[in-house]
Every structure is written in structure tokens, then in C-alpha cells.
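Asks: here is a sequence together with a model predicted from it:
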Amino acid sequence: MKRDRSEELFQKAIRLIPGGVNSPVRAFRAVGGTPRFIREAKGALITDVDGRSYIDYVCSWGPMILGHADGETVEALRSAIERGTSYGAPTELEVLIAEEIIDAVPSIEMVRMVNSGTEAVMAAIRLARGVTGRNKIVKFEGCYHGHVDSLLVRAGSGVATLGLPDSPGVPAHLARDTITVPFNDPEALKRAFAEHRDIAAVIVEPVVGNMGCVLPRPGYLDLMRELTRRNGALLIFDEVMTGFRLARGGAQELYGVTPDLTTLGKIIGGGLPVGAYGGSRDIMQYVAPSGPVYQAGTLSGNPLAMTAGLVTLRRLRDPDVYRRLDLAGARLCAGLMEAAREAGVEVTINRAGSMWTVFFTAGPVEDWASAAKSDRGRFARFFHAMLDEGVYLPPSQFEAAFISLAHDDAVLDKTVEAARRAFARAIR
Ligand code: PLP
């Protein structure tokens, strides 16, 4: 039998790259089978090296909100590349993107660009510790904040998918400074503050994407704000996923809760490697060279990344964009719910705008413990059935899926049709 090209490449890749991939969850470990090697993408579709196209709900794990190979972005990049790819000196583009972010995100008066979400979180944590003179960080079980040493404790995303509660290589003394509490549990958070006097910051995905999509209960983010303020700790919203995704101003705009620091990534780079962190002028003035908290980057503010990011952020100024994304999310998830009901599969679908997850459990799913009750065997069968139908979902139960502006009604309805058959296969 002729082996397909993805299989050939994967066999080669696993000899050359750990697990054959450059980021763990791409490896299909949770669902089995061979990851598809992608050749190209356009709009809502990605095409693998064997020429098979899929409706894409990974969207590069969030950044591709305009759809793949967006015409305006490609043109802007083409023109930017002619002017050089990196200078290591300031550019006008960096000023423009800073203006755009500050205008959009309520908590941000000053912003620093970095190269990934992980870097943004790492820097925000250092800054919170530098400003408060304290060390302890509160995080929530099942939240993922990048592969930052001190936050790889009971983390979500690939860490949860692979069943690694803690990572070897993280020094015990660092892990000791991380206090983990269950998400959506007000009493646990109050207890953490009652038991620890030296909390520098609480970091949270205000709408969680990394245990699958999980929304905060009413008032929960307000409680975080109140407790941090009362106890002299900073509140960090990790909006790497939710920033410019749920609303132009992110989850903080949607929920009306203003954190001290915000981390961003994904969408702000328009598909190129970018992260950013920002907050009030008072706090950001601590960052070098204004202040003593050191943070730097050879490629930070890279002109290509800033170009793609600016095109994206300018397009997201139109408030109708978020109404359309929300309608698309509602249409898709209502269709999926109906398809699951017809097939007799018990599922819980959580959704925030264009971010969603189908959990194979009766639910509700409100924290890591309830997310973990999902039937992962069913999820894996559903995932592969959808892949056979030409729909590419995140290859793990504990990830959010994303809709882009290129996912029109025809694409969404085709997805629901595929799901009718895939749900039936999931329970066999
Ligand atoms: N924070 C959140 C909420 C994320 O979802 C991610 C990545 O998925 C990160 C941080 C890390 O970002 P990056 O993968 O760009 O380092």
C-alpha cells in the first residue's frame, strides 16, 4: 500500500525532532494516528501535503482570525519584506501597533512587544514580582500560560493532554512559589489569600481556553479584582488567547474587569511570532530601560510581525466583526448540539464568541475536575471521524477551537453535516 506523504514526513520527523513536532499537541498523541503535514492554507481551509483540504478550526491555535493567507496581510507583508526583515532599531510600526493596542485594551497604558505568549507571561510575572517585592503567584488548575517554569504546575493545554501534572526540570523552589487553586471556586481563592501574605500576583485566563473553553461564573473575575486589590497583589489577565478574540478589548472589555497587567499574543501578530505585555503607566515604568526590571529581545517588534499584526488589528476596529464572529459561533454550536442530540451522544458545548469546545460529558464543565470527566475515547473517535469528513479540530479534548471571519455560513453548515455522521461514529 502506498504510504501517504504525511506518514513519510512524520516517520522522518520523529527521528529528527522530539516527537516529530515543534510543539507537543500537534503530535496527535491524545487522539492517535499521524499528524497531517500542512502544505498551504487559504481562508477557512488548510491543505495537507497529500492534497487533502480541511475546514480548519485550529486557526494556528487562535491567531488566524481573518482566515488564512488574508489578501491584505499577504500584500502588506510582501511590501514590508522588500524593506528588510529586521533592524534591531526602533521603527514607526512599533509605535503604531502600541497605539492600536493601547486604544483597544482597557488596562493598557503602555505596552512592550515580545516574540511569544510565553515570553509575555514570563516578563509579566517578573514585573509583578519586581513591583511588589513578593514572590508567590496564584494560578488556576487547568490554565496554561506558556512553558514558563513557575507556571508549569497543574497546567492545561498539552501539559494536561499528556497527563503531566508537573514538568521535570522545574526547580522545586520555583514550583513552591506557585499556589494552584481550582477555577471558578471563590472559597479556594479566598483561602489562598488567607493562608499566604506574600502573593505578588494572580494570573488567570479570564475565559479559559486551555482546558477546553471554560467561562468564568458571574462575579468570579470581580472577586479576583477585589481580593488582589485588598491584599496588595497584582491581577494579571493572560489574554494571549482571548485578546482581540472575544472583543477588541478582550475578556476585560467583555466582563468589565480591569486587571493590572495584561499579556497578549496570537492575534496581535496576525500569524507571525509575537507577544506583548502591558498595563498602567506606573507599573510599566518599572521595565528597563525606564526602570530596573530587565527584559529584552533581539527580534522584538520585528517589522514583518508588526506589519501582519497591524493589518489584523486595524481590521478588528470594526465592531461588526465581533457580532459576526459571535453569530457564527452561535450557529455552529447550535448545529453541533442538535447533531449530538440526534446521534444520542451526551455532550456539553462551551462557547465564548468564536471560541468553543465540545466536551464528551453531561457537564456542566466549569473547572478542570469537570473537564477531566470527558470521555476522551469518544473525543478521539469524533476527532478522527471529523478529519475523515474534512474537518480539522484541535487534536485534544482540552483545547479550544476557533472560528475565523473566513468561516461563512456554508462552511459552518458543512461542518454540522459532517458532525451528524461523526457523532454517530464516536459512540460506536
Ligand atoms: N497563554 C495562553 C493563555 C495561551 O493560550 C498560550 C498558548 O497557547 C500561551 C500563553 C503561550 O503562548 P505561546 O505559545 O505563543 O508561547
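Replies: All right, it came through fine.

Asks: so R378: helix, strand or coil?
Replies: Of the three states, R378 takes helix under DSSP: H, G, I helix; E, B strand; the rest coil.

Asks: ok, it to R428 distance?
Replies: R378 sits 10 Å away from R428, going by C-beta to C-beta, to the nearest Å. Using the backbone N, CA and C atoms, a C-beta is placed for each residue, glycine as well.

Asks: looking at these two, which is more packed in?
Replies: R378 (22 against 7; other C-beta atoms under 10 Å).

Asks: once you drop chain neighbours, what's closest to that one?
Replies: Spatial nearest neighbour of R378, excluding adjacent residues (C-beta to C-beta, 6 or more residues apart in numbering): F360 at 4.2 Å.

Asks: same check, this time on V274
Replies: Per C-beta to C-beta, 6+ apart, closest to V274 is A305, 4.7 Å.

Asks: surely L235 forms part of a strand?
Replies: Yes. With three-state DSSP as the criterion, L235 is assigned to a strand.

Asks: can you count the residues close to it?
Replies: Neighbours around L235, by other C-beta under 10 Å: 27.

Asks: on that earlier part again, the residue nearest to V274 and P273 touch, don't they?
Replies: Yes. If you go by C-beta atoms under 8 Å, A305 and P273 touch, sitting 6.2 Å apart.

Asks: list residues touching both of these two?
Replies: N115 (C-beta atoms under 8 Å, 6 or more residues apart in numbering).

Asks: higher neighbour count, these two?
Replies: Ranked by neighbour count (other C-beta under 10 Å), A305 and P273 place A305 first, with 27 against 16.

Asks: what parts of the chain come near the ligand?
Replies: Proximity of the chain to the ligand is confined to 61, 116-118, 121, 144-146, 157, 205, 209-210, 238, 240-241, 265, 275 under the rule C-beta under 6 Å from any ligand atom.

Asks: can you do 5 Å?
Replies: Contacts of the chain with the ligand, taken as C-beta under 5 Å from any ligand atom, map to S116, G117, T118, H145, G146, E205, D238, V240, M241, G265.

Asks: now the chain against the ligand: closest residue?
Replies: Per C-beta to the nearest ligand atom, G117 is where the chain lies closest to the ligand, at 2.2 Å.

Asks: quick one on the thing from earlier: which of the residues of the chain next to the ligand sit farthest apart?
Replies: S116 and E205 (15.9 Å; C-beta to C-beta).

Asks: looking at these two, which is more packed in?
Replies: In terms of neighbours (other C-beta under 10 Å), E205 is the more surrounded of S116 and E205; the figures are 27 against 18.

Asks: wait, that one sits on G146?
Replies: No. With contact defined as C-beta under 8 Å, E205 does not reach G146; the gap is 11.1 Å.

Asks: what residues sit buried inside stretch 227-247?
Replies: 227-228, 233-247 (16 or more other C-beta atoms under 10 Å).

Asks: and for stretch 379-389?
Replies: F379, A380, R381, F382, F383, H384, A385, M386, L387, E389.

Asks: I'd like the next helix or strand past the worst-scoring helix or strand of the chain on mean pLDDT.
Replies: In the chain, the helix or strand scored least confidently by mean pLDDT, DSSP states H and E is helix 157-161, which has a mean of 72. Once the chain leaves helix 157-161, the next helix or strand it forms, by DSSP states H and E, is helix 172-176.

Asks: give me the buried positions along that following helix.
Replies: L174, A175.

Asks: avg pLDDT for that helix?
Replies: For helix 172-176, mean pLDDT is 84.

Asks: distance between it and the chain's centre?
Replies: For helix 172-176, the distance from its own C-alpha centre to the chain's C-alpha centre is 25 Å (C-alpha atoms, centre = their mean, to the nearest Å).

Asks: swap in stretch 50-58?
Replies: Distance, centroid of stretch 50-58 to centroid of chain: 20 Å (C-alpha atoms, centre = their mean).

Asks: and the end-to-end length of it?
Replies: 19 Å (C-alpha to C-alpha, to the nearest Å).

Asks: could you pull out the buried residues of that stretch?
Replies: R52, Y54, I55, D56, Y57, V58.

Asks: and the contacts of that stretch?
Replies: 4-6, 36, 39, 41, 44-48, 64, 68, 387, 390-394, 401-404, 407, 411, 414-415.

Asks: recalculate using a threshold of 6 Å.
Replies: 4-5, 44-47, 390-394, 401, 411, 415 (C-beta atoms under 6 Å, 6 or more residues apart in numbering).

Asks: those helices in the stretch 251-400 of the chain, which residues are they?
Replies: Applying DSSP state H, counting those that start in this stretch to the stretch 251-400 of the chain gives helices spanning 281-284, 303-315, 320-343, 368-371, 376-388.

Asks: how far off helix 303-315 does the longest one point, in degrees?
Replies: Angle of helix 320-343 versus helix 303-315, following axes from the mean of the first three to the mean of the last three C-alpha atoms, to 10 degrees, is 80 degrees.

Asks: with only the CA atoms kept, save helix 320-343 in CSV.
Replies: The C-alpha trace of helix 320-343 is given here as CSV (Å, rounded to 0.1, in the frame of the first residue of the first chain):
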residue,chain,number,x,y,z
ASP,A,320,-19.4,44.4,13.4
VAL,A,321,-16.5,41.8,13.3
TYR,A,322,-17.3,40.6,16.8
ARG,A,323,-21.0,40.5,16.1
ARG,A,324,-20.4,38.3,13.1
LEU,A,325,-18.0,36.0,14.9
ASP,A,326,-20.5,35.6,17.7
LEU,A,327,-23.3,34.8,15.3
ALA,A,328,-21.1,32.3,13.6
GLY,A,329,-20.2,30.7,16.9
ALA,A,330,-23.9,30.5,17.9
ARG,A,331,-24.9,29.0,14.5
LEU,A,332,-22.2,26.4,14.6
CYS,A,333,-22.6,25.3,18.2
ALA,A,334,-26.4,25.2,18.0
GLY,A,335,-26.0,22.9,15.0
LEU,A,336,-23.4,20.7,16.7
MET,A,337,-25.6,20.4,19.8
GLU,A,338,-28.5,19.3,17.6
ALA,A,339,-26.3,16.8,15.7
ALA,A,340,-25.1,15.3,19.0
ARG,A,341,-28.7,15.0,20.3
GLU,A,342,-29.8,13.3,17.1
ALA,A,343,-26.9,10.8,17.5
